[in-house]
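Trainee: next comes the sequence, and after it the predicted model I'd like to discuss.
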Amino acid sequence: MDTFENMEKTTSRLALTDYLVELLRKTPASIIDRVVYLIQGKLHPDYEGVELGLAERLATRAISLAAGMDISFIEQLYRKTGDLGDTVGKALQSRNQKISEKMTVERVYQTLDKTANCIGPGSQETKLKLVSSLLTDGSSRESRYIMKFIMGTLRLGIAEYTIIDALAVCFTDNKANRTVIQKAYNISSDLGTVAKILARDGLDSLKSLRVTLHKPIRPMLAERVRNAQEAIERLNGHSGAVEYKLDGERVQIHKGRNKVELFSRRLENITKHYPDVVEAIQKLKIGELILEAEIVAVNSQTNEFLPFQELMHRRRKHGIEQAVEGYPVVIYIFDILYLESKDLTSLPYLKRRAIIENIAIEQNFDMLALVHQKIVNNIEDLEKQMSRAIEIGCEGLMIKQPTSVYRAGAREFAWTKLKREYRSDLADTLDLVIVGALYGRGRRVGKYGAILLASYDADSDIFRSTCKVGTGFTDEHLDFFYKKLEEIQLPHRHPRVDTRMHMDVWFEPKIVIEVSASEITLSPSHPAGLGAIREKYGLALRFPKFTGRIREDKNPEDATAVAELVSMYKRQLRSVKKS
Ligand code: AMP
């Protein structure tokens with residue numbers, strides 16, 4: 001409990017790792033997976049899609065039962081504290097408590113897991129009983145954390161990156177072993193299980209972990225190139241497999257003998273949104289298969305591609321059948337990672353592609369298609385492909401090294417992306433993470449006036465600020481952000497955020513938005529790329545503008561990297577010198 005309190009208060013990532021190592025050392029191997037999930041704020045890996053789903057009203061009733069206080073009193077307390085965890089903490093302080101059962105991680109986990117799995121008639125009452133009994137038996141400090149966990153407001157600021165560091169130190173006494181742990185995590189997307197194997201069987205067992213059906217593999221990512229020339233240079237004299245970069249949603253399709261599951265780029269289970277895709281995959285005469293594809297919305301009349309925003313209509317909770325009819329899709333396959341018990345990730349890219357082509361020839365592909373690909377080795381041909389891609393509504397091109405293996409979770413030059421130019425002066429838009437905000441004035445009273453954005457520094461796992469953005473927002477956007485950001489508001493700067501700006505409010509780095517800008521300038525006030533160009537100067541965006549696009553498909557770690565910002569600045573410098 002003390003460790004949790006320390007972690008909640010610290011703004012230093014190093015201290016956070018130390019606290020975590022201390023906690024992991026004390027944890028028996030039999031429950032280490034559960035402890036890892038709990039500190040990540042979840043009960044299971046994301047792809048299992050298990051949510052606690054406790055409504056505020058029910059939580060308030062549970063607190064009232066546990067504290068033996070009237071519900072109206074609890075509601076009043078909640079209005080004051082603004083957080084149900086703090087509410088139960090306060091409510092229980094004044095109680096004369098007789099602890100009937102010792103509060104263990106096992107008990108907390110099992111009770112919450114049972115709560116999450118309660119469905120159907122009478123489930124609300126069962127949930128109420130389970131949660132209130134837990135709160136009754138907990139001390140006020142324990143119950144405060146339990147409630148924060150339940151409501152998703154437990155903000156310990158612990159990223160996967162930090163947990164992996166801590167696991168390496170704790171079980172191997174050597175931080176360098178993080179690469180083995182990271183690799184195991186990349187192919188399983190399940191840090192709890194990885195921790196358990198490490199704690200119980202050691203590092204060597206982790207090395208033999210293999211791709212498993214129905215456990216999503218963390219996606220391989222592309223580096224950005226600025227123009228056709230750079231794309232060709234990055235191929236080091238070899239040809240490239242050049243593909244259209246479709247503007248849809250990336251999906252990892254797992255087909256087993258009994259079920260088909262779809263995972264998003266962020267590894268959420270999105271199967272229920274695409275029953276038509278599941279049906280099409282089920283028809284394939286193949287037992288086991290993992291594919292990667294881009295799902296694209298198309299015009300049912302003309303079969304033309306529609307913009308990404310259209311596809312997002314498919315992500316609704318209700319009325320899925322209508323959405324299937326209203327927004328038809330095509331699945332463009334671009335990779336195969338597993339086939340009939342065989343892991344294909346270490347085959348060269350073109351071999352993997354040939355396997356998909358064979359399947360396509362042998363089977364009725366229906367609403368499935370192959371991503372358009374051409375082998376190219378010179379700038380002219382690449383530019384020709386680019387013009388075609390843009391003409392038919394693609395975002396640009398993906399250029400892949402024909403011999404590259406599939407490296408889960410890696411962003412490397414084995415895959416590069418060449419995006420179309422936008423109308424803004426900077427060649428490309430940037431995807432940045434919201435980390436803080438200033439309250440609005442005048443017309444914007446009661447909303448945010450400006451939002452602080454950060455770019456991701458992968459070397460140190462820190463988000464470093466690069467601009468404040470206040471333009472490009474409609475009234476609807478402003479209302480939306482006010483509500484959405486409230487859920488992830490913090491009383492102080494998040495430990496993974498670096499900035500010299502003073503903000504009215506701070507947020508967990510979670511939401512990624514797209515901005516355009518006129519140029520990148522040297523900045524004494526923003527620490528993104530500090531010292532990379534000039535000592536004591538970072539990089540800032542000039543005239544940043546929200547494009548209207550919230551990148552729900554991106555994790556904060558997928559935001560434009562600080563290194564990308566630095567290379568964009570350098571290129572800009574070169575093009576200014578040339579003209
Ligand atoms: P970005 O989101 O800008 O980092 O670009 C990478 C994304 O492009 C991937 O995650 C896919 O969703 C998408 N994409 C579109 N076409 C392809 C393709 N042919 N190969 C790989 N990824 C593609």
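Mentor: Now that the structure is in, tell me what you want to look at.
Trainee: measure how buried Arg250 is and give me the count.
Mentor: Number of residues near Arg250 (other C-beta atoms under 10 Å) recorded here: 17. (C-beta placed from N, C-alpha, C; glycine too.)
Trainee: isn't there a strand covering it?
Mentor: Yes: read with DSSP: H, G, I helix; E, B strand; the rest coil, Arg250 is one of the residues of a strand.
Trainee: and the gap between the residue in the chain positioned nearest to the ligand and Glu310?
Mentor: Closest contact between the chain and the ligand, by C-beta to the nearest ligand atom, is at Arg250 (3.1 Å). Distance of Arg250 to Glu310, given as C-beta to C-beta, to the nearest Å: 16 Å.
Trainee: neighbours of Arg574, how many?
Mentor: 10.
Trainee: please list all residues in contact with it.
Mentor: Contacts for Arg574 were tallied using C-beta atoms under 8 Å, 6 or more residues apart in numbering; there are none.
Trainee: what segments of the stretch 51-200 of the chain are helices?
Mentor: With helices called from DSSP state H, counting those that start in this stretch, the stretch 51-200 of the chain shows them at 56-67, 71-81, 84-93, 105-117, 123-137, 140-151, 160-172, 178-188, 191-201.
Trainee: among those, which is nearest Glu476?
Mentor: Nearest to Glu476, of all the helices of the stretch 51-200 of the chain, is helix 56-67, at 24.4 Å by C-beta to C-beta.
Trainee: mind giving me the domain split of this structure?
Mentor: 42-151, 221-423, 428-578 (automatic domain parsing).
Trainee: residue ranges in this structure under the pLDDT threshold?
Mentor: Along the chain, the parts satisfying pLDDT under 70 run over 1, 96-101, 301-302, 421-425, 427, 575-579.
Trainee: contact residues of it facing the ligand?
Mentor: Ala222, Glu243, Lys245, Leu246, Arg250, Arg265, Glu294, Phe334, Val371, Met398, Lys417 (C-beta under 6 Å from any ligand atom).
Trainee: of all the residues you listed, which two lie farthest apart?
Mentor: For the residues of the chain next to the ligand, the maximum inter-member distance is 16.8 Å, found between Glu243 and Arg265 (C-beta to C-beta).
Trainee: between those two, who's got more neighbours?
Mentor: Shown here are Glu243 and Arg265; by other C-beta under 10 Å, Glu243 has more neighbours (23 against 19).
Trainee: what strand or helix carries that one?
Mentor: In this assignment (DSSP states H and E), Glu243 forms part of strand 240-245.
Trainee: hmm, who's touching that strand?
Mentor: Under the contact criterion C-beta under 8 Å, 6+ apart, strand 240-245 has outside partners 231-232, 334, 349-350, 353, 371-377, 382, 385, 389, 392, 394-402, 417-419.
Trainee: listing partners with orientation, what would you give for that strand?
Mentor: As defined by DSSP bridges, the strand partners of strand 240-245 come to strand 373-376 (antiparallel), strand 396-400 (antiparallel).
Trainee: out of those strands, nearest to Ala55?
Mentor: So among these, strand 396-400 is nearest, using C-beta to C-beta, at 43.0 Å.
Trainee: what ranges does the stretch 301-450 of the chain have for its helices?
Mentor: So, for the stretch 301-450 of the chain - with DSSP H, counting those that start in this stretch - the helices run 308-311, 320-326, 349-362, 379-391.
Trainee: so which bits of the lengthiest helix in the chain are buried?
Mentor: Counting residues, the longest helix found in the chain (DSSP state H) is helix 562-578. Neighbour counts over helix 562-578 (16 or more other C-beta atoms under 10 Å) mark Val562, Ala563, Glu564, Leu565, Val566, Ser567, Met568, Tyr569, Gln572 as buried.
Trainee: now that helix: how far from the chain's centre is it?
Mentor: 28 Å (C-alpha atoms, centre = their mean, to the nearest Å).
Trainee: TSV please, covering the helices of the stretch 301-450 of the chain and showing mean neighbour count.
Mentor: Output for the helices of the stretch 301-450 of the chain, formatted as TSV (neighbours: other C-beta atoms under 10 Å):
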stretch	mean neighbour count
helix 308-311	17
helix 320-326	14
helix 349-362	16
helix 379-391	16
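Trainee: nearest to Tyr185, out of those helices?
Mentor: Using C-beta to C-beta, the helices of the stretch 301-450 of the chain put helix 349-362 closest to Tyr185, at 22.5 Å.
Trainee: what's the angle between that closest one and strand 396-400?
Mentor: Helix 349-362 and strand 396-400 are oriented at 110 degrees to each other (axes from the mean of the first three to the mean of the last three C-alpha atoms, to 10 degrees).
Trainee: give me the contacts around helix 349-362.
Mentor: 241, 284, 286, 291, 333, 335-337, 339, 344, 347, 368, 370, 373, 400-406.
Trainee: now do stretch 518-537
Mentor: Here stretch 518-537 makes contact (C-beta under 8 Å, 6+ apart) with 424-426, 454-455, 457, 464-467, 498-501, 538-543, 562, 565-566, 568-570, 572.
Trainee: need the helices of the stretch 51-200 of the chain in a markdown table with mean neighbour count, can you?
Mentor: Shown next, in a markdown table, are the helices of the stretch 51-200 of the chain (neighbours: other C-beta under 10 Å):
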| stretch | mean neighbour count |
| --- | --- |
| helix 56-67 | 20 |
| helix 71-81 | 15 |
| helix 84-93 | 22 |
| helix 105-117 | 16 |
| helix 123-137 | 19 |
| helix 140-151 | 22 |
| helix 160-172 | 21 |
| helix 178-188 | 20 |
| helix 191-201 | 21 |
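Trainee: now these in CSV, with distance to Lys554?
Mentor: As requested, the helices of the stretch 51-200 of the chain are exported to CSV (distance: least, C-beta to C-beta, whole Å):
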stretch, distance to Lys554
helix 56-67, 29
helix 71-81, 33
helix 84-93, 29
helix 105-117, 26
helix 123-137, 33
helix 140-151, 25
helix 160-172, 15
helix 178-188, 17
helix 191-201, 20
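Trainee: closest to Gly440 out of the ones you listed?
Mentor: With C-beta to C-beta as the criterion, Gly440 lies closest to helix 71-81 of those, at 23.4 Å.
Trainee: what packs against that closest one?
Mentor: helix 56-67, helix 84-93 (3 or more C-beta pairs under 8 Å, 6 or more residues apart in numbering; DSSP states H and E).
Trainee: could you dump the ones you listed into JSON lines and include distance to Leu135?
Mentor: JSON lines is the format used below for those (distance: least, C-beta to C-beta, whole Å):
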{"stretch": "helix 56-67", "distance to Leu135": "4"}
{"stretch": "helix 84-93", "distance to Leu135": "6"}
